[in-house]
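A.B. asks: Sequence and predicted structure below; questions after.
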Amino acid sequence: MDRDHRGWLPCLLGGAVFAVCMAGTTLPTPLYGLYQEKFGFSELTVTVVYAVYAFGVIGVLLLAGNASDTVGRRPVLLAGLACAAASAVCFLSATGLGWLYAGRLMSGLSAGLFTGAATAYVMDLAPSGGASRATLVATAANMGGLGCGPLLAGVLAQYAAWPLYLPFAVHLALVAGSAAVVARLPETVRDRAPLSTVRPQRPSLPPEVRPVFGPAAIASFAGFALFGVFTSVSPAFLAESLGVSDHAVSGLVVALAFFASTAGQSAVVRVGVGRSLPLGCAALLTGLALLAGALRWESLTLVVLSAVVGGAGQGLAFRGALSAVAEASPADRRAAVISALFVVAYTGISVPVIGVGVLVGPLGLEGAGLVFIACMAVLVSIAGTYLLRRPVRVETRT
């Protein structure tokens, strides 16, 4: 037992570092209302500020998604932590909208460097035969970290001093500790090359991955699109339509979606990858229906239910997608293939968010949300039907 725990310690430490980095990407979520009051910008600007992060992620994944396969995992993760620290400094220095754009861009760069590299690193650090558990550690660190960000910021903003500064100061300290942890973890890439050998990459997949990647990407896009809109506009909906001005409550509602995603991920081993993808789409569809009801009847209860059900569906679909893609990938291409999956996912988290922001002006927050829900319901239905007809055959290894 003790030997097994020692064997898993590097993997768990890698997951903890992953969570710290991802927490920084959602830290501003419950604070956007305060920034709107301070700098006087619209709801469309909120969605654009949010989406700048996703564009940063996609840019890094396309330009250097395979970097950790080439130069090693640790240098890429340390670079990601440096970008996370720079993001925190931008928010701490914010005197205008430009600082928010810069902070979100640096946050996106950090996430882009981390998503593929940290997922592959956590799996590399796992003991032999622990592929399934390592995938859970990686995806739980990703989504759990995303959930901790708004919860931490919301609680500090509501109950502590300096609401626009203290959350980022705390995160900066956590990033410093994470850098010290990464410096002590072993490098897992044996045949490393200089940084000059890293080249921008077009999204490409090894032949053995292609049959798995299509349905996995569809499910990932749908799940991340729901998270993107929920994360960017739900605090405004809670404040404007439900009169909930408590930042801790706002952060908790958003965090519930990410924590429910982590719970959904834990069920994939029992459910199986092939069934988790269509089941995840069904839960996403239910979560969208609950969110539509919340918008229509202005119900906090339905908002919470939509976060839990939709989050669980996203977790089922996302971990199933990641497991299928990782299992089918050659070891020397794993980070690049995972990065390609995240390009699709972060396209889902950015483009629909801006679309909702554009529609808020003419339709209002409720109308824009309902249009988004209708579009996503169609997409999720198509994805679920496709996955039922052509199920993913790869199963997770225990």
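C.D. replies: Good, I have the coordinates.

A.B. asks: which residues does the closest residue to residue 246 other than its chain neighbours contact?
C.D. replies: Nearest residue to residue 246, sequence neighbours excluded (CB to CB, 6 or more residues apart in numbering): residue 158, at 5.9 Å. Where C-beta positions appear, they are placed from N, C-alpha and C, glycine not excepted. Residues counted as contacts of residue 158 (CB atoms under 8 Å, 6 or more residues apart in numbering) are 246-248.

A.B. asks: Any of those residues buried? List them.
C.D. replies: 247-248 (16 or more other CB atoms under 10 Å).

A.B. asks: any idea which of the contacts of residue 158 is closest to residue 232?
C.D. replies: Nearest to residue 232 among the contacts of residue 158 is residue 247, at 15.7 Å by CB to CB.

A.B. asks: Now do the buried residues in the helix or strand where the residue nearest to residue 246 lies.
C.D. replies: Per DSSP states H and E, residue 158 falls inside helix 131-159. For helix 131-159, a neighbour-count test (16+ other CB under 10 Å) marks 131-158 as buried.

A.B. asks: tilt between whatever helix or strand residue 236 lives in and helix 131-159?
C.D. replies: Secondary-structure assignment from DSSP H and E places residue 236 in helix 210-240. On the basis of axes from the mean of the first three to the mean of the last three CA atoms, to 10 degrees, helix 210-240 is oriented at 20 degrees to helix 131-159.

A.B. asks: Tell me which other helices or strands the very next helix or strand once past helix 210-240 touches.
C.D. replies: Sequence order places helix 247-266 as the next helix or strand after helix 210-240, per DSSP H and E. Helix 247-266 sits against helix 32-39, helix 131-159, helix 210-240, helix 300-328, with contacts defined as 3 or more CB pairs under 8 Å, 6 or more residues apart in numbering; DSSP states H and E.

A.B. asks: If we use 10 Å, what do you get?
C.D. replies: helix 2-26, helix 32-39, helix 131-159, helix 210-240, helix 273-297, helix 300-328 (3 or more CB pairs under 10 Å, 6 or more residues apart in numbering; DSSP states H and E).

A.B. asks: Can you get me the centre-to-centre distance for it and its chain?
C.D. replies: Centroid separation for helix 247-266 versus its chain: 12 Å, with CA atoms, centre = their mean, to the nearest Å.

A.B. asks: buried sites along stretch 156-169?
C.D. replies: Those would be 156-158, 163-168, for stretch 156-169 by 16+ other CB under 10 Å.

A.B. asks: swap that for stretch 71-86, sorry
C.D. replies: Neighbour-count burial for stretch 71-86 [16+ other CB under 10 Å]: 71-77, 79-86.

A.B. asks: which residue sits closest to residue 213 in space, ignoring its chain neighbours?
C.D. replies: Per CB to CB, 6+ apart, closest to residue 213 is residue 205, 5.5 Å.

A.B. asks: Give the helix, strand or coil label for residue 380.
C.D. replies: Following DSSP: H, G, I helix; E, B strand; the rest coil, the label given to residue 380 is helix.

A.B. asks: from here on, count from 11
C.D. replies: Sure thing, new numbering starts at 11, so read that last one as residue 390.

A.B. asks: ok, so what distance separates it from residue 174?
C.D. replies: 36 Å (CB to CB, to the nearest Å).

A.B. asks: cool, residue 37 as well?
C.D. replies: 11 Å.

A.B. asks: Between the two, which contacts overlap?
C.D. replies: Any residue near both residue 37 and residue 174 by CB atoms under 10 Å, 6 or more residues apart in numbering counts here, and that gives 101, 163.

A.B. asks: low-confidence ranges in the stretch 161-310 of the chain?
C.D. replies: 206, 211-214 (pLDDT under 70).

A.B. asks: ok, back up a step: what's the first helix or strand after the helix holding residue 168?
C.D. replies: Counting by DSSP H and E, what follows helix 141-169 is helix 176-194.

A.B. asks: gap between that next one and the chain center?
C.D. replies: Distance, centroid of helix 176-194 to centroid of chain: 19 Å (CA atoms, centre = their mean).

A.B. asks: got it, and stretch 58-76?
C.D. replies: 12 Å.

A.B. asks: Buried residues of that stretch, list them for me.
C.D. replies: For stretch 58-76, using 16+ other CB under 10 Å, the buried residues are 58-72, 74-76.

A.B. asks: Which members of the buried residues of stretch 166-179 are the farthest-apart pair?
C.D. replies: For the buried residues of stretch 166-179, the maximum inter-member distance is 15.8 Å, found between 168 and 178 (CB to CB).

A.B. asks: out of the buried residues of stretch 58-76, which are inside helices?
C.D. replies: Judged by DSSP state H, the subset of these located in helices is 58-72, 74.

A.B. asks: Now flag whichever of these is closest to residue 241.
C.D. replies: Of all these, residue 60 has the smallest distance to residue 241: 7.3 Å, by CB to CB.

A.B. asks: isn't residue 93 right up against residue 70?
C.D. replies: Yes. Between residue 93 and residue 70 there is a contact under CB atoms under 10 Å: 8.9 Å.

A.B. asks: Look up how far residue 127 lies from residue 18.
C.D. replies: 20 Å.

A.B. asks: Counting neighbours, go ahead and name the busier of those two.
C.D. replies: Per other CB atoms under 10 Å, whichever of residue 18 and residue 127 has more neighbours is residue 127, with 30 against 18.

A.B. asks: got the contact list for the more buried one?
C.D. replies: 28, 74-79, 81-87, 89-90, 199, 345, 348-349 are the contacts of residue 127 under CB under 10 Å, 6+ apart.
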